[in-house]
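A structural model of the following input is requested.
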Amino acid sequence: MDNNTLSKKIAEMPLFKGIKQSEIESMIPCLGVIQKRYSKNQFIIIDSEDIANVGLVIDGRVHMLKEDHLGNRSHVSTISVGGLFGESFALRERPSYVSFQAATDSEILRLPLDKIIYYCSNSCPFHKRLVHNTFALLSEKNEQLMKSIEILSKGTLRDKIVCYLSQIADSESHSTITVPLNRTEMAAFLNSNRSAMTRELSKMQDEGLIEISGNRFRLLFLNSDESRFT
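Next up, the predicted model:
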């Protein structure tokens with residue numbers, strides 16, 4: 001993909017917000033951008049691998065995974081189009097503590113983080129905006145991490161499910177929501193197994209707390225509080 005085509009594709013992404021396409025075109029070689037496609041389930045970064053670049057998802061989705069010494073794998077988060085990953089390790093020039101795996105066929109840009117946050121000798125006028133956007137994305141990711149901690153701190157699986165679904169409802173401003181994860185991914189994110197989570201979802205549906213159709217959930221336990229969405 002040439003610089004013109006690539007710049008058009010990424011111009012609307014949060015990292016390049018407020019930067020003209022012509023400026024992005026000149027920025028691509030300056031930053032030393034590497035573009036690569038990954039097949040579904042292919043690992044992009046492996047736990048303990050040295051990290052020098054930050055990843056930007058320009059197509060597909062990426063899972064952040066952590067595996068313990070017994071081989072149990074936990075789903076930490078999912079990075080969607082426009083999202084960054086690996087920046088925490090690249091910033092400190094240390095090996096990755098987690099792995100990143102393509103959840104679908106994905107297209108990734110790899111950008112040296114030091115070239116993003118430090119000004120080059122050309123003193124590009126749009127670089128300041130790029131730095132601002134980078135830290136705005138880092139702030140947003142920190143907020144998502146806090147939300148994940150809130151979910152996982154709940155004492156029971158049902159409480160975790162309710163907290164997770166409520167967070168999505170708040171973000172979509174509606175009690176009927178679309179869950180972005182499949183059942184296996186959702187169970188891993190909730191630090192559960194699929195069978196236990198499926199049983200709990202069935203119980204909640206039988207009790208009239210939720211209605212489920214594929215990845216669409218109607219959160220009946222929120223119906224008494226619809227004012228939160230107005």
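
just give me the neighbour total for T134.
For T134, the neighbour count with other CB atoms under 10 Å is 20. Backbone N, C-alpha and C define where each C-beta goes, glycine included.

ok, the closest residue to it other than its chain neighbours - contacts?
Of all residues not flanking T134 in the chain, I116 sits nearest, at 5.5 Å (CB to CB, 6 or more residues apart in numbering). Residues near I116 by CB atoms under 8 Å, 6 or more residues apart in numbering: 31, 54, 130-131, 134.

need the buried ones from the residues you listed selected in ChimeraX.
The buried residues among those can be selected in ChimeraX (16 or more other CB atoms under 10 Å) with this line:
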select :31,54,130,134
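
show the pLDDT at the residue most central in space within the chain.
For the chain, I79 is the residue whose C-alpha lies nearest the centre (CA atoms, centre = their mean; 2.1 Å). For I79, the model assigns a pLDDT of 91.

dihedrals phi and psi, it?
phi -110, psi 120 (degrees, to the nearest 10).

for it, name its beta-bridge partners.
Bridge pairing for I79 (DSSP bridges) gives the partners V62.

same check, this time on the one 5 residues further on
For L84, the residues forming beta bridges with it (DSSP bridges) are L56.

any idea how far it lies from M64?
11 Å (CB to CB, to the nearest Å).

for these two, indicate the residue with more neighbours.
More crowded of L84 and M64, by other CB under 10 Å: L84, with 25 against 19.

what separation do you get for the more buried one and M186?
L84 is 23 Å from M186, where distance means CB to CB.

next: I210.
From I210 to M186 the distance is 13 Å (CB to CB).

could you give the number of residues near the nearest residue to G83 once chain neighbours are set aside?
Excluding its sequence neighbours, the residue lying closest to G83 (CB to CB, 6+ apart) is V57, at 5.2 Å. Summarising burial for V57: neighbours were counted as other CB under 10 Å, giving 24.

for I51, same thing?
As a burial measure, I51 scores 22 neighbours (other CB under 10 Å).

tell me the phi and psi of the closest residue in space to it that isn't next to it in sequence?
Excluding the flanking residues, the one nearest I51 by CB to CB, 6+ apart is F89, at 3.9 Å. With angles defined as degrees, to the nearest 10, F89 sits at phi -80, psi -40.
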